[in-house]
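Peer 1: Need a 3D model of the following:
(chains A, B, C and D)
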Amino acid sequence: MWNNVLHWVDQPFTSATYLGMLLGGVLTLAITLGAVTYTIYGERKIIGWMQGRVGPNRVGPFGLMQSIADILKLLIKEDIVPAKADKALFMIAPIITYVPAFAVLAVIPYTFHHYFTARLNIGVLYYIALSSISIIGIVLGGWASNNKYAIIGGLRSAAQMISYEIPLALSMLGVVLLSGSLDITRIIEVQQQNGLWNVFPQILGFIVFLIAATAELARAPFDLPEAESELVSGYFTEYSGFRFAFYMLSEYVYLIAMAGLAAALFLGGWTGPFGLGWGWFWYAIKSFLFIFLMFWLRATMPRARVDQLMGFAWKYLIPLAILNLLISAVEKLYWLKG
Amino acid sequence: MATTELRTEEMLLNVGPQHPSTHGVLRLVVKVDGEIIREATLVIGYLHRGTEKLAEDLQYTQIIPYTDRLDYLAAMINNHAIVNAVEQAMDLQVPERAEYLRVIVAELNRIASHLLFLGAYLLDLGAMSPFLYAFQERETITQMFNEISGARLTYNYMRVGGVKWDAPPGWIDKVRAYIPHFREKLKMYHNLVTGNEVFLGRVKGIGAYSQEKALGYGLSGINLRSTGFKWDIRRNKPYSIYDRFDFDIPVGKNGDCYDRYICHMMEMEESLKIVEKAVEQIQDGPVMGKAPKILRVPAGEYYASVEGAKGELGIYIVSDGKDKPYRFKLRRPSFINLQILPELMEGQNVANMIAILGAVDIVLGEVDA
Amino acid sequence: MNFLGYLITGQFVAFFILALIVIASAILMLNFNKVMYMALAIGGVFVGVAGIFFLLNAEFIGIAQVLIYAGAITILMLFAIMLTHEKDGESNSKGWIHETASFVFVAILLAGLMYGIRTSTINWSPASDEPSAWPVGQNVEAVAASLFQTYTIPFEVVSVLLIVALVGAVVLARKEE
Amino acid sequence: MTEANENKQTTTADTEAAPVEAADKPAAPVKTAAAKPAAAAKPPVEESPETIAKRAEAQKRLDEMKAILEDKFGEGALEETGLQKFQPTLVIKPEYWLPVVTYLAHDESLTFNYPECFAGTDYPAKGFIEVALYLYSMSNGRFITVKVRTPRDNAEVDSLCSVFEGANWEEREIYDLLGVNFKGHPNLVRIMMDDDYKGHPLRKDFSVWEQQ
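Peer 2: Residues are numbered from 1 along each chain as shown, chains lettered A, B, ... in the order given. Next up is the predicted model:
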């Protein structure tokens, strides 16, 4: 029965698989929430350290409970809906954003055994497709708030995310080409077989991926949708309480998911040095490296301007990504025939 | 679709009075077409306290604390402006040591003000860290001011005829030690900000205006110097003891936001030079000269200005020979510099609007008086 | 687990949930008055259909459905609605004749469809009973093979056509300025 | 004359009225060293040679400017001339205000192109409001003050917005606080006070209590 609970994905439908499904969902949610909580804590601590201040240090030892207190505060806050807002859309928009954010986690292979995650044969595509749905929630949230800053923020983020999805997907294509599969697990396996992480043959692709991912996640220096100095808070200016928490949550879940994707596609996923075990541990370290880079960028860079951002995607990133694709094809033909 | 014209709608966007990047209670009413600004109108006066009217009922010494509240980021220079104006009007002599102390605190205050510009401007452009770094250094200066004047923001330090307190023991050494320390920090800021590609992309060529325009608008300070016009009251109409120091006047080339930024950075270095020389030359002595207890400015009209942190800070006094001014007019550089904004903003997008506004470097306390 | 003679599997339950989503979204779309809501409802239809593709083991088509329809097209519609002036409260109460007529027409259509399905001679048994041309889970490769091997030239021609259309659209849009 | 007209004023303003007279009238001829009895009285006269030289220099410049303007606009253009400390000051007739300033700003040899300070002062005792403009010539380093006087009730002056863009807000401020109408100003509305505010705070007869 235990086997049924753990491996519910490929088992016949019984009460044990029900339990597995339920447990899987709840556990993944709990783990994700925990990870997000401490990502936020880590962000504040790390950026604080970079800026010569302490960061949260009051709630719990070393401020470890700070994020939990923040979340609690958000949950018990009044759920304010502006009088002139479109009520139904205003309420539903954060959910539309959050559901795909959570759903993309299904294909991130934290471990080889795929506990609670799915081995989907088109995992990479699945990620791209699902994450594009979140934009609907952002645009709707901005529009429904009936606030000019929110509308501009919503439009900006939609434009930004749509245009950066193209270089993002193109940069992943090189990896897909080398591995001959859209399955993320398979991509890791190929790297394991070759004994070579994709960063090395795909260095150009990796750079494009990093930049496009930063923009896709709307993090500094591409955090235009919520550019505080211009648009106050962008599309979630009017949000408060747990609807605001939903937006924050999906933002950080995407951060974690993108980190997982980067680790899987370019950094060899769960494979450790010298064939060491502890797959999840290596996976966590690699994901954290990506997340750390995002924090670092945020502490260093000013914000780009919206037209520069778009121009950058179309003029530099996409041609580079296509060039990378060509290089990948050459590599596939003459080097990594695997 | 053949006949219907597709026109995007213009939207009236109210930026402020409460907005993260208006540096106080400035309100901008901008007509935007998408993100392009078609027309910008500035609305000020939210912080108007009637300083000029109040001053008419105050003795000259009593006005000094009011000037602290104008450009509250450079209150020392404001103090300097009024005591300088009254002293020039009354032909008063100020003891050497007091002059040196004045110059030291004024230049330190200029550095503090420029540091705040650096931090706040980068914050406007979306970079968080420089703000915190800048405040760290500004904190040291604030501490020093606290020691010398007993206040951290509104110092009320200078008096007509001298300064209120002598520097406490060891204070001058602190200033001396601060100079090399801050030079290092300046290098770090340059490393962090000046070479940053994203930053350069945001400020280069943005909000440029010509020399003639700047003169016509009566701009002063860095806003004028950024166009390449070498004009500094400290040099062109020397007051206090500025003629004893050797310092450069950094000027820009194109009058864009980048030039204004770089002028601020370079001016900090020049101020450091002045402070360095001043702490070298300062001698012991009295800090308060012979000034009458009740100051009576001889009847007449006087105008005297100092180089404030934001530009030419002038004081126009009409006196009827009494202990209170008949008319007390402040030439507030922020107020005058702000006027050019609507013209600069036209046709820019919202992000540039913030970059331009930030670079003009205003303090609303000074704009509204 | 059996229910009314049907074997209740995850697939079975999922199919009904998805079908419900599709139908409910479609009906909502017709009944909403605000354009914004309609766009959202049609997004729901797209997502539901994508789910049904997944159930049919056509993952690639399902993902394409989400990516293009649920993602891109819905957002395009939202943009169009937001940027043009929305006319609210356009009541669409048509007369009773209109309503009756449409009801009758739909009833006839439904009856015809039912009749067609019941009398047809096509074998409707599940696809997995027959050996399929491509192994399950390989449909990306299948799509790729037919696009780049069997139909390479038509595919390339279509892509050229699309680019021409794209450039043409840009040129037309620029002319208006 | 003054007490009779300005009965409404507070006591301070009343007593101020007379010295103003004294302060401003002497400006009419030339405010040389001899014409500063009040200031010179307190410290025993110790005019340094430097001061005297400076004053002579300023006087020379004033005469020069006076000659130039009278040459250009005729004798009637100037109401008064004088020195304020070392500042050459010319009071211009209202009808010549705009042309004189335009000339000063645009003339090739003068180029007073920098409006340094723009101030208005209310003199209820003398019944006029004075608008002073400190001009600076960046190219030849000269400075002068030009002034214009306008009656308190129905105060009206030509706007300088066409000469200096920077005059815009300054004039709005003077309009707001002193109630001087600037003819030809593109947007003459209150700048500091609310739009529906009554009264002009910097006028000497302004009282907060009456305002309410």
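Peer 1: Flag the shaky bits of chain D, pLDDT-wise.
Peer 2: When residues are selected by pLDDT under 70, those of chain D lie in D:1-47, D:210-212.
Peer 1: domains of chain C?
Peer 2: When chain C is parsed with automatic domain parsing, its domains come out as C:1-87, C:136-177.
Peer 1: Quick one: those domains as CSV, columns for mean neighbour count too.
Peer 2: For the C-beta atoms, the positions are set from N, CA and C on the backbone; glycine is no exception. Formatted as CSV, the entries for the domains of chain C read as follows, by neighbours: other C-beta atoms under 10 Å in any protein chain shown:
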stretch, mean neighbour count
domain C:1-87, 17
domain C:136-177, 11
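Peer 1: Which one, of the ones you listed, ends up nearest to residue B:242?
Peer 2: Judged by C-beta to C-beta, the one of the domains of chain C that comes nearest to residue B:242 is domain C:136-177, at 54.6 Å.
Peer 1: okay, now residue D:188: neighbour count?
Peer 2: By the criterion of other C-beta atoms under 10 Å in any protein chain shown, residue D:188 has 18 neighbours.
Peer 1: List the residues that contact it.
Peer 2: Under the criterion of C-beta atoms under 8 Å, 6 or more residues apart in numbering or on different chains, the contact list for residue D:188 reads D:159, D:171, D:172, D:175, D:181, D:182.
Peer 1: Tell me how many other residues crowd residue 189.
Peer 2: Defaulting to chain A. Around residue A:189 sit 17 other residues, with neighbours defined as other C-beta under 10 Å.
Peer 1: let's do chain D instead
Peer 2: Other residues close to residue D:189 by other C-beta under 10 Å number 9.
Peer 1: counting contacts, what elements does the biggest helix by length in chain D pack onto?
Peer 2: Among the elements of chain D assigned as helix by DSSP state H, the one spanning the most residues is helix D:49-73. For helix D:49-73, the contact count by 3 or more C-beta pairs under 8 Å, 6 or more residues apart in numbering or on different chains; DSSP states H and E identifies strand D:78-84, strand D:87-92, helix D:97-106, strand D:142-151 as packing neighbours.
Peer 1: does chain B sit close to the shortest one?
Peer 2: It stands for strand D:87-92. Yes: for strand D:87-92, a contact with chain B is found by C-beta under 8 Å from any C-beta of the partner chain, at D:87, D:89.
Peer 1: so what strands line up beside that strand?
Peer 2: Its sheet considered, strand D:87-92 pairs with strand D:78-84 (antiparallel), strand D:142-151 (parallel) by DSSP bridges.
Peer 1: picking that back up, quick one: residues in contact with the longest helix of chain D.
Peer 2: Contacts of helix D:49-73 with the rest of the structure, by C-beta under 8 Å, 6+ apart, involve B:91, D:30, D:32-33, D:77-78, D:81-83, D:86-90, D:96, D:99-100, D:103, D:110, D:142, D:144.
Peer 1: are any of these buried, and which?
Peer 2: Burial by neighbour count, judged by 16 or more other C-beta atoms under 10 Å in any protein chain shown, picks out D:77-78, D:81-83, D:86-90, D:96, D:100, D:103, D:110, D:142, D:144 from the contacts of helix D:49-73.
Peer 1: check contacts around residue A:295.
Peer 2: Per C-beta under 8 Å, 6+ apart, neighbours of residue A:295: A:42, A:43, A:46, A:47, A:50.
Peer 1: State the pair within the buried ones among the contacts of helix D:49-73 that is farthest apart.
Peer 2: By the measure C-beta to C-beta, these have their two most distant members at D:86 and D:96, which lie 24.8 Å apart.
Peer 1: picking up where we left off before, now the helices and strands packed on helix D:49-73 as JSON lines including distance to residue A:33?
Peer 2: As requested, these are exported to JSON lines (distance: least, C-beta to C-beta, whole Å):
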{"stretch": "strand D:78-84", "distance to residue A:33": "74"}
{"stretch": "strand D:87-92", "distance to residue A:33": "72"}
{"stretch": "helix D:97-106", "distance to residue A:33": "68"}
{"stretch": "strand D:142-151", "distance to residue A:33": "70"}
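Peer 1: Name the residues of stretch D:162-174 that are buried.
Peer 2: So, applying 16+ other C-beta under 10 Å, buried residues of stretch D:162-174: D:163, D:164, D:165, D:166, D:167, D:168, D:169, D:170, D:171, D:172, D:173, D:174.
Peer 1: from those, which two are the most distant?
Peer 2: D:163 and D:173 (17.2 Å).
Peer 1: Next, the contact list for residue B:32, please.
Peer 2: Taking C-beta under 8 Å, 6+ apart as the criterion, residue B:32 is in contact with B:10, B:11, B:12, B:13, B:38, B:350.
Peer 1: Not counting sequence-adjacent ones, nearest residue to residue B:71?
Peer 2: The shortest distance from residue B:71 to any residue other than its chain neighbours is 4.2 Å, reached at residue B:366 (C-beta to C-beta, 6 or more residues apart in numbering or on different chains).
Peer 1: residue contacts, the residue of the stretch 201-338 of chain A found nearest chain B?
Peer 2: In the stretch 201-338 of chain A, the residue that lies nearest chain B is residue A:303 (2.6 Å; C-beta to the nearest C-beta). Contact partners of residue A:303, counting by C-beta under 8 Å, 6+ apart, are A:220-224, A:227, A:229, B:125-127, B:198, B:202, B:351.
Peer 1: Quick one: which of those residues has the lowest pLDDT value?
Peer 2: The member of those with the lowest pLDDT is residue A:229, and it reads 64.
Peer 1: Could you list the low-pLDDT ranges of chain C?
Peer 2: In chain C the weaker segments, taking pLDDT under 70 as the threshold, are C:1-10, C:84-94, C:122-138, C:175-177.
Peer 1: Now do the strands in the stretch 201-350 of chain B.
Peer 2: B:300-307, B:312-319, B:327-331 (DSSP state E, counting those that start in this stretch).
Peer 1: Does residue A:321 touch residue A:170 like I think?
Peer 2: Yes: checked against C-beta atoms under 8 Å, the pair residue A:321 and residue A:170 is within contact range at 3.5 Å.
Peer 1: Give me the more crowded residue out of those two.
Peer 2: Comparing residue A:321 with residue A:170 by neighbour count (other C-beta under 10 Å), the higher total belongs to residue A:321, at 25 against 22.
Peer 1: Might you report the residue contacts of that one?
Peer 2: With contacts defined as C-beta under 8 Å, 6+ apart, residue A:321 is in contact with A:166, A:167, A:170, A:171, A:173, A:174, A:205, A:208, A:212.
Peer 1: mind checking how far the third one is from chain B?
Peer 2: Applying C-beta to the nearest C-beta, to the nearest Å, the value for residue A:170 to chain B is 23 Å.
Peer 1: Let's see which of the contacts of residue D:188 end up in strands.
Peer 2: Filtering the contacts of residue D:188 for membership in strands, criterion DSSP state E, returns D:181, D:182.
Peer 1: residue in the stretch 251-369 of chain B nearest to chain C?
Peer 2: Distances between the stretch 251-369 of chain B and chain C by C-beta to the nearest C-beta are smallest at residue B:347, namely 15.1 Å.
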